[in-house]
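1. model this:
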Amino acid sequence: MHRGTQSVLYNLPHSPILTRSFYIFQESDTMYKMSGFGHVILCYYILGYIWCSSSAWQVTMPSKIKGLLGSCLVIPCSYDYDQYPPKRPDRVVWYQYVSEGYPIVSDNWNRNDVLDIFKGRTSVYSSSHHRTCSLLIDPVTLADHSQKLYPWVDPENVGWRTYRFYDTTVTVEVVGTADPPVIEIFGNKVVGQSVTVQCSVYHTCPNYPPSLRLNIPLRNERLTHSPLSDGRSKTMVTTTLFIEKEYQTVECYVQHRGGRSASASKTLTSQCSISGLTVSSALYEFLEGDQSTVTCTVSYTCYRNIPTLTWNYGNMPASSDTSKLSGGAQWRTVSTLTFTASANDNGRSLICYARFPGGQTKEASITLRVKRNILNLGWSFTAPATITGLKGSCLIIPCKFSYKNSQPNDLQVMWYLYQINGFPAVFKQGGSVISKFDGRTSLIGSVVEQNCSLKIERLEMSHNHDRLYPWIDKNSITSYGTIDHTFYDGSTELVVSEHAPEPQLSIIGILRVGEQGTVSCSVRHTCFSAPPTLTLKDLPGIDQNMDTLVSEGIWERKIVRTWTAEEEHQSVSCAVNYPAGQSAKKSIPLTAECSISPLNISSTSDQTQEVNISMRVKTSPEKPVMTPVPEEVDAGSTITVSCSVTHTCSSHPPVFSWTVSHLTSEVSHIMMSRGTWQTTSTITFIVTEGDGVRNLTCNAIFWRNREQAHTVSLNVKGSLMYRFKSSAPVAFPVSFRALIIITLAAVFAVFIWRKRKHTDESLKPPPRPEQRRSLWDRLSRQSFWSRFSSKNSSNVTCGAESKPRCPSPKDNRRRPSPFNPENQLYGNL
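-> Prediction:
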C-alpha cells in the first residue's frame with residue numbers, strides 16, 4: 001500500500017538527539033569516513049526513534065466483524081496515546097483501505113465527499129473524554145461485504161508519521177441469516193417448582209438491539225444488554241417458569257432490525273414428585289358402635305402417577321376421588337372410609353395403602369382410640385381424653401351425654417376420680433366429695449340439655465394426672481354392681497401446668513415503613529369466667545380484643561393492634577397475666593422495610609438447614625430517566641416528555657417537579673416486580689421564545705426530601721418567526737381597518753371639495769352657449785381627468801441606469817478538494 005515515499009532522513013520529527021546524530025553522521029562521512037559498522041548503528045538509532053514515536057499511539061478495534069443484512073452495524077473503536085495529543089480529539093474520519101488515495105467512508109464535516117456506496121448510511125460516534133472512534137453503518141447492504149475500513153483521529157493535525165492508522169483495519173463480513181438465540185434453564189427441574197429461563201442472542205447492532213419473545217408466561221422478567229470484548233453485544237431476557245407438566249417446550253423468537261428473525265426451542269424434562277400419605281379423622285376418639293369418617297390423602301405432581309388407595313379394614317365401605325389443585329401443578333387423590341368402631345378396635349391401627357403405577361407403595365396409619373358404651377345402661381357420653389389447665393386457674397371439662405331411649409326425670413350427674421377399686425366422688429349434688437376437690441367443682445350447663453360439663457376452680461399441682469369420668473344415672477354407680485368394669489377408657493386426664501405459657505405474637509402481613517401494620521398476640525386458656533389479661537407494649541395504636549372458642553373447653557383470647565409503622569419501631573412485646581399471678585412475656589423484632597427482593601430457598605432433604613440472608617441498602621435513590629427529546633426545537637412548538645424513576649416505597653412515591661411551565665401533567669405508578677415500583681411524570685409544554693440552548697430539568701423528590709435530577713439541553717430556534725406568527729392575528733385586522741378608514745376619509749374629502757367648488761362656480765356668469773358643456777361631459781371620467789392632462793402639467797422624465805450587479809465571490813467559490821491526511825505535518829517536524 002502506497003502511503004508516502006519521502007526519504008526518512010528528510011522527514012524525521014524534530015529532536016535534538018536526532019539532529020546531533022545527523023551531524024555526527026555528516027562529520028564522520030566527510031572527515032573520518034565512518035566505517036560500515038557505524039552506518040548500521042546510526043540506521044538502527046534512527047529506526048528506533050521512529051518506532052518509539054509511532055508507538056505513542058494505538059487504536060483498538062476488532063480485525064473482523066459480522067453484520068446482518070438489513071440491520072445496523074456498530075464497529076467499536078477506541079484509541080489512546082502517550083505523546084502528540086490531537087488538537088481535535090472528537091474529530092474522527094473513517095476511510096476505505098485501498099492501494100491509492102483515501103476514499104472517505106464517514107466524515108461528519110464533509111458528508112458530500114463520502115463514497116456513494118456509504119453515503120447516508122454511516123456516522124461516527126466519537127468522544128474526547130472516552131476516546132472513542134466507533135462507526136455506525138445503518139442499514140447493512142451487500143456492498144459492505146469484505147470492505148476493509150480504518151479510522152483516522154484528527155486527520156488535519158495528526159499525520160501518518162505520528163501513527164499509521166491504516167495499519168489497523170477491520171474487515172466487514174455481511175451475513176444474510178440471523179443466528180438462532182440460545183436458551184438456558186437453571187434450577188431444580190421438578191414439577192411444581194420454579195426454574196430460571198434465559199434466552200440470549202449475540203449481535204452487532206447495539207443501537208437498535210433485537211427483540212426477544214418467549215412462549216411461556218413471564219414472571220419477574222428482566223431484559224439486559226451488555227457489550228462483549230470481541231465487538232459483539234449480548235441481549236438477554238430472563239424470566240421465571242413454574243413447571244406444571246413433566247414435559248414442556250420452551251421456544252424463543254428473536255427479530256432484528258430490518259426484519260430478519262430466528263427462533264430456537266428446548267424441551268424441559270422434569271421429574272415427578274409424590275408427597276407423604278396422611279390419614280386423618282374429625283374425631284380424636286371413636287365411640288363404640290357409631291359410624292365416623294376417616295380420610296386418606298396423597299398428593300403428587302404428575303397425572304400419570306394416580307395411585308390406588310386401600311384400607312386394612314376392607315370390609316367397610318370406601319370411596320376415592322382425584323382432582324387437580326387450583327393455582328399449581330399438584331394432583332390429589334382422597335379415599336374416604338366409613339368406619340364403625342367396636343370395643344375390640346381400641347388400640348389397633350387403621351392403615352391406608354397407596355400403590356402407584358410404577359410399583360412404588362406408601363402407607364400411613366393412626367391408632368384407634370375407642371370409647372366404650374357403659375354396658376347396656378342405655379346412655380353414653382363424650383368427653384376429651386386429656387385437658388390442660390394452669391395452676392390457680394379454673395378448668396372446664398366439656399361433656400355431652402345422650403340416652404338411647406327417653407331421658408328419665410330427676411336425672412343426676414356425678415363425677416368420679418378413676419381408681420382401680422372404689423369410686424371416690426369429685427362432684428356429687430348434695431353429697432360429700434374427696435378433700436382435694438371439696439368446694440372446687442360444679443356443673444356447667446343444663447342436664448335437661450344433655451350437658452354434663454364439669455368446672456374445677458383453683459387448680460392445684462395435686463390434681464395433675466388425675467383421671468375423671470362422669471356417671472349419668474338416677475341411681476348411684478354402686479347400685480349397678482359395676483365393680484369389675486373399668487372406666488379408664490372413658491376418663492379424662494387432667495394436666496396441670498405450673499408456669500404460664502408464652503403468648504403467640506406475630507405480625508400480620510408484610511410490614512413496610514409508612515403503611516398500616518397489624519400485630520396479633522393470643523393465648524389459649526381453659527377458664528372463660530376468669531380469662532388472662534393481654535398487654536401489647538412498645539407500639540402506639542388501636543387495640544381490638546377477641547375471645548373465641550377454639551374447641552370444647554379451650555378458649556383463645558386475642559388482642560390485635562393496628563398502627564403506622566416507622567423505622568424507630570424496633571420491637572414489640574406482649575405480656576400475659578393470669579388471675580392466679582402467673583405471667584409470661586414474648587418479644588419479637590420489627591423489621592419494617594421498603595424494598596423486598598424475591599428469595600427462593602429449596603432443599604432436597606428433610607433436614608433442618610440454616611440460611612444466611614443479606615440485604616443491600618442503597619445510600620441514595622435512583623436517578624430519574626427522561627424520554628428522548630429533539631436536539632433542535634422551534635419556539636412555540638408543543639413537546640411531550642416523560643420522566644420516570646424506580647423506587648421501593650409504594651406508600652411514599654417520589655414527587656416530580658419541572659423547570660418549565662406545562663400545559664398538562666400526568667403521573668402514573670406501575671409495579672415493575674415484587675417490591676419495585678416505577679413512577680412516571682408526563683408533561684406537555686410550549687417552547688418559549690429565545691434562540692439558544694435551554695435546559696430542561698426533571699427533579700424527583702423522594703421520601704425524607706432526598707432528591708435526584710436529570711437535565712437535557714434543547715437548542716431553541718425560530719423565535720423571530722414565532723413572534724411574527726403570534727402578532728399576525730392582531731396586526732393584520734388592525735391594519736385592514738385603518739386602510740378602510742383612510743379610504744373612506746379620502747372619498748369623503750373629494751366629495752366635500754367638489755361640492756364647494758360647484759358652489760363657487762355658480763356665482764360666476766354662465767358661459768356662452770357654444771362653450772357650455774353638458775352635464776354628462778362635466779361629470780364624465782374624461783372631463784374630470786382632463787384637468788390633469790398634459791396641458792396643465794409638465795412631463796418630467798428621469799432616466800436612471802441600473803448599476804450592474806457585481807457577482808459575489810461566494811457564488812464562484814471553488815469546491816475544496818477532499819482532505820488528504822498525508823499532507824499534514826503535525827508531529828513530523
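
2. can you give me how far the helix or strand hosting Leu337 is from the chain middle?
-> For Leu337, the host element (DSSP states H and E) is strand 331-340. Distance, stretch centre to chain centre, for strand 331-340: 45 Å (CA atoms, centre = their mean, to the nearest Å).

3. same check, this time on stretch 581-595
-> With CA atoms, centre = their mean as the basis, stretch 581-595 stands 32 Å off its chain's centre.

4. Repeat that for stretch 561-571.
-> 27 Å.

5. In the protein, where is pLDDT below threshold?
-> For the chain, applying pLDDT under 70 flags the ranges 1-55, 372-377, 475-476, 478-486, 593-619, 719-720, 723-735, 758-829.

6. domain parsing for it?
-> 16-54, 58-175, 182-269, 278-371, 396-496, 504-589, 625-720 (automatic domain parsing).

7. Pick the most buried one from those domains.
-> domain 58-175 (a mean of 18; mean count of other CB atoms under 10 Å). To be clear about C-beta, it is placed using only N, CA and C from the backbone, and glycine gets the same treatment.

8. one step back: could the domains of the chain go into a markdown table alongside distance to Leu744?
-> Listed next are these as a markdown table, based on distance: least, CB to CB, whole Å:
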| stretch | distance to Leu744 |
| --- | --- |
| domain 16-54 | 87 |
| domain 58-175 | 59 |
| domain 182-269 | 66 |
| domain 278-371 | 87 |
| domain 396-496 | 112 |
| domain 504-589 | 74 |
| domain 625-720 | 35 |
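
9. Show me the one of those that comes nearest Gly378.
-> Closest to Gly378 of the domains of the chain, according to CB to CB: domain 396-496, at 4.5 Å.

10. distance between the ends of that closest one?
-> With CA to CA, to the nearest Å as the measure, the ends of domain 396-496 fall 13 Å from one another.

11. repeat for stretch 389-407
-> One end of stretch 389-407 to the other measures 32 Å (CA to CA).

12. likewise stretch 72-90?
-> End-to-end distance for stretch 72-90, by CA to CA: 23 Å.

13. Kindly report the same for stretch 655-675.
-> One end of stretch 655-675 to the other measures 19 Å (CA to CA).

14. Does Val182 touch Ser263 like I think?
-> No - the pair Val182 / Ser263 is not scored as a contact, 11.7 Å apart, by CB atoms under 8 Å.

15. So Val750: helix, strand or coil?
-> Assigned by DSSP: H, G, I helix; E, B strand; the rest coil, the conformation of Val750 is helix.

16. same check, this time on Ile742
-> Ile742 - assigned by three-state DSSP - is helix.

17. ok, now how distant is it from Trp753?
-> Using CB to CB, to the nearest Å, Ile742 is found at 16 Å from Trp753.

18. now Lys585
-> Taken as CB to CB, the span from Lys585 to Trp753 is 116 Å.

19. for Tyr418, same thing?
-> 144 Å.

20. ditto for Ser123
-> 74 Å.

21. do Cys521 as well
-> 109 Å.

22. Tell me which of the domains of the chain lies nearest to Ala383.
-> Per CB to CB, nearest to Ala383 of the domains of the chain: domain 396-496, 4.5 Å.

23. Nearest residue to Thr367 in space, ignoring adjacent ones along the chain?
-> In space, and not counting its chain neighbours, Thr367 is closest to Ser349: 5.9 Å by CB to CB, 6 or more residues apart in numbering.

24. actually Leu663, not the one I wrote
-> Thr684 is the one closest to Leu663 (CB to CB, 6+ apart), at 4.8 Å.

25. Any idea what that neighbour is bridged to?
-> Note on Thr684: beta-bridge partners by DSSP bridges are Thr640, Thr664.

26. just checking, it touches Thr640?
-> Yes - using CB under 8 Å, Thr684 makes contact with Thr640 at a distance of 4.7 Å.

27. distance between the ends of stretch 403-420?
-> Stretch 403-420 stretches 27 Å from its first residue to its last (CA to CA).

28. which residues does the spatially most central residue of the chain contact?
-> The centroid of the chain falls nearest to Met672 when counting by CA atoms, centre = their mean (3.0 Å). For Met672, the contacting residues are Thr646, Gln678, by CB atoms under 8 Å, 6 or more residues apart in numbering.
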